[in-house]
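Engineer: based on what follows, work out the 3D shape:
(one chain, ligands or ions: 1)
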Amino acid sequence: MQKGKGRTSRIRRRKLCRSSESRGVNESHKSEFIELRKWLKARKFQDSNLAPACFPGTGRGLMSQTSLQEGQMIISLPESCLLTTDTVIRSYLGAYITKWKPPPSPLLALCTFLVSEKHAGHRSLWKPYLEILPKAYTCPVCLEPEVVNLLPKSLKAKAEEQRAHVQEFFASSRDFFSSLQPLFAEAVDSIFSYSALLWAWCTVNTRAVYLRPRQRECLSAEPDTCALAPYLDLLNHSPHVQVKAAFNEETHSYEIRTTSRWRKHEEVFICYGPHDNQRLFLEYGFVSVHNPHACVYVSREILVKYLPSTDKQMDKKISILKDHGYIENLTFGWDGPSWRLLTALKLLCLEAEKFTCWKKVLLGEVISDTNEKTSLDIAQKICYYFIEETNAVLQKVSHMKDEKEALINQLTLVESLWTEELKILRASAETLHSLQTAFT
Ligand SMILES: C[S@@+](CC[C@H](N)C(=O)[O-])C[C@H]1O[C@@H](n2cnc3c(N)ncnc32)[C@H](O)[C@@H]1O
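Structural biologist: Numbers count the residues shown, from 1 in each chain. Just a heads-up that it's a prediction; the model follows:
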């Protein structure tokens, strides 16, 4: 589906944006944000052009208090506000980290600090920041297994890997947590529980900004690139904006400049990266509507399912695709099947007598009308199969939403992922239809 590029459609889009964004409700009067501002001010943060607000589409985010021009700084957070491994090593945890062998990872250092400070409650110097952090997250590792079961196959596999990874992170950190017992009156097992570590892991993974890698002897060799950036981490993602974000060594601040313009009271976004929806779901626990990078993945099994089982060259063709990296990242997008998917299909559909032309296929050459037509037909069959499958899952999700009220938020998130996939598949089916008419 191509977005309109004309003046009328630009105006329509702007109006749509304005009407939804103007409904953001300013939340800067809330006590937690008043406390956070005081805390930031004490650490030399100068008032920004932004205010916390709640938006109907994206939830909590930051709203412009004034119009912002292209290239303007939208936020500059002094180093003293950043929570990095330096913060942790300078803290009461430092001596324990330095002593521990093998050295803990930078991620473990950050997570340990978060859990410990959260446990400290009103005694924590970081309390105003901890208070505004989400109590729970929606990354797949936090979802109920029956909800994970509803995810697209490739995402479900990654969700399970994520769960296994966090479980292993917990299991392998327990001895280190035990070494911290002298710091606490309560048993460390009750403080550094799986759910506490999961919360900290999600906090770092969904909110940290990137810093230039540093290396410290008392930490393991894994990249030490994460910093938590209070207030700045209230900025939501939009795939449609561009920003320049980095730590400025001269001003000793983490700075974000926008390359877009923002009107007063609009939600200000940054871009977390050109991620598709499955990646946004996996890493950040949300789905972006009308995401231009969104796509539907076609697995090898589905690809092969629609090809003639009588093709004697099939195994050879598959191994050529594998050798040339064409067996993964085959997708349907808003503009139809990706070039990679069509190329893979063209190679798989090569007539026996044309098999020697396989290199030309990979170079994008047209081999024959028959080959072009057959590959489009198969792409369409796969697309229709996905549309049916998506509709079936959406129906199932809808039933579950009626029956399992406790899971409604998780199910709604999964529903939004499949709904976006359905829109992509329908757009792809239309594109395929018009491509096919060229051969009739
Ligand atoms: C860096 S935080 C942004 C602030 C966050 N909304 C908050 O209230 O703390 C990243 C998280 O915000 C949410 N988020 C970011 N962009 C979003 C968007 N476009 N739509 C919905 N949720 C979004 C996701 O939960 C994500 O994990």
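Engineer: the stretch 201-350 of the chain: helices as residue ranges?
Structural biologist: Read by DSSP state H, counting those that start in this stretch, the stretch 201-350 of the chain holds these helices, from start to end of the chain: 277-284, 300-305, 314-323, 339-348.
Engineer: with respect to the ligand, which of these lies nearest?
Structural biologist: For the ligand, the closest of the helices of the stretch 201-350 of the chain is helix 277-284, at 3.6 Å, according to Cβ to the nearest ligand atom. Any C-beta I mention is one placed from the backbone N, CA and C, and that applies to glycine too.
Engineer: the ligand contacts on the stretch 1-150 of the chain?
Structural biologist: The stretch 1-150 of the chain has residues 58-61, 134 near the ligand, with proximity defined as Cβ under 6 Å from any ligand atom.
Engineer: what helix or strand is residue 74 located in?
Structural biologist: Taking DSSP states H and E as the definition, one finds residue 74 inside strand 73-78.
Engineer: from the contact counts, what lies against that strand?
Structural biologist: With contacts defined as 3 or more Cβ pairs under 8 Å, 6 or more residues apart in numbering; DSSP states H and E, the secondary structure elements packing on strand 73-78 are strand 253-258.
Engineer: so what sits opposite the closest residue to residue 244 other than its chain neighbours in the bridge?
Structural biologist: Of all residues beyond its chain neighbours, the one nearest residue 244 is residue 257 (4.6 Å), with distances taken as Cβ to Cβ, 6 or more residues apart in numbering. The residues paired with residue 257 through beta bridges, assigned by DSSP bridges, are residue 73, residue 244.
Engineer: equivalent analysis for the one 5 residues further on, please.
Structural biologist: Taking DSSP bridges, one obtains residue 68 as the residues bridged to residue 262.
Engineer: how close does it get to residue 67?
Structural biologist: When distances are taken as Cβ to Cβ, to the nearest Å, residue 262 and residue 67 turn out to be 7 Å apart.
Engineer: for those two, indicate the residue with more neighbours.
Structural biologist: residue 262 (23 against 13; other Cβ atoms under 10 Å).
Engineer: what sits against that one?
Structural biologist: Residues in contact with residue 262 (Cβ atoms under 8 Å, 6 or more residues apart in numbering) are 64, 67-68, 268.
Engineer: identify the farthest-apart pair in those.
Structural biologist: Between any two of these, the greatest separation by Cβ to Cβ is 10.9 Å, found for 67 and 268.
Engineer: ok so, going back, most packed of the helices of the stretch 201-350 of the chain?
Structural biologist: The highest average neighbour count among the helices of the stretch 201-350 of the chain, using mean count of other Cβ atoms under 10 Å, belongs to helix 339-348 at a mean of 22.
Engineer: so what's the gap between whichever helix or strand comes after it and the chain middle?
Structural biologist: The element immediately downstream of helix 339-348 (helix or strand, assigned by DSSP H and E) is helix 358-362. Relative to its parent chain, helix 358-362 has a centroid offset of 35 Å by Cα atoms, centre = their mean, to the nearest Å.
Engineer: CA atoms only: put helix 358-362 into CSV for me.
Structural biologist: Extracted as CSV, the C-alpha positions of helix 358-362 are listed here (Å, rounded to 0.1, in the frame of the first residue of the first chain):
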residue,chain,number,x,y,z
TRP,A,358,19.8,-19.9,-11.5
LYS,A,359,22.6,-17.3,-11.2
LYS,A,360,20.7,-14.9,-13.5
VAL,A,361,17.7,-15.2,-11.3
LEU,A,362,19.7,-14.1,-8.3
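Engineer: what are the buried residues along it?
Structural biologist: In terms of neighbour count (16 or more other Cβ atoms under 10 Å), helix 358-362 has its buried residues at 358, 361-362.
Engineer: state the mean pLDDT of it.
Structural biologist: Here helix 358-362 scores 90 as its mean pLDDT.
Engineer: could you do stretch 260-268 as well?
Structural biologist: Across stretch 260-268, the per-residue pLDDT values average to 94.
Engineer: ditto for stretch 330-338
Structural biologist: In this model, stretch 330-338 carries a mean pLDDT of 97.
Engineer: for that stretch, the distance to its chain's centre please.
Structural biologist: For stretch 330-338, the distance from its own C-alpha centre to the chain's C-alpha centre is 20 Å (Cα atoms, centre = their mean).
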